[in-house]
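*Asks:* would you be able to build a 3D model of this:
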Amino acid sequence: MSLIDILGWCATAVFVGSYFFKHPRVLRRVQMAGAALWLAYGLLLGAPPVVGSNLLVLLAALLTAHRGRPAVELQD
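*Replies:* Sure, this is the predicted structure:
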């Protein structure tokens, strides 16, 4: 088994594991990790659909992770 295959299986394990997390913050972090692994896998394979879809998933997870945070108030 090649290192690229191992990376793909690791990405699969993280993706499947994300279904076991209920806390939104943890879920988003696991989703980001999985998307990053799939992104690396797609780049190494030269597979634009894998890269594009997981870049979108990574960005969506980042945006939704920060959306729930309270805004920082600036002091005068």
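
*Asks:* what stretches of this structure score poorly on pLDDT?
*Replies:* Low-confidence regions of the chain, defined by pLDDT under 70, span residues 68-76.

*Asks:* quick check: longest helix of it.
*Replies:* Looking only at the chain and at elements set by DSSP state H, the helix with the highest residue count is helix 24-45.

*Asks:* in that helix, which residues are buried?
*Replies:* Residues of helix 24-45 classed as buried: 27-28, 30-42 (neighbour count, 16 or more other Cβ atoms under 10 Å). All C-beta atoms are positioned from the backbone trio N, CA, C, and that covers glycine.

*Asks:* so which elements touch it?
*Replies:* Counting contacts by 3 or more Cβ pairs under 8 Å, 6 or more residues apart in numbering; DSSP states H and E, the secondary-structure elements packed against helix 24-45 are helix 3-17, helix 48-67.

*Asks:* so which of those gets nearest residue 23?
*Replies:* helix 48-67 (11.8 Å; Cβ to Cβ).

*Asks:* residues touching that closest one, excluding its own?
*Replies:* Contacts made with helix 48-67 from outside it, assessed by Cβ atoms under 8 Å, 6 or more residues apart in numbering, are listed as 25, 28-29, 31-32, 34-36, 38-39, 41-43.
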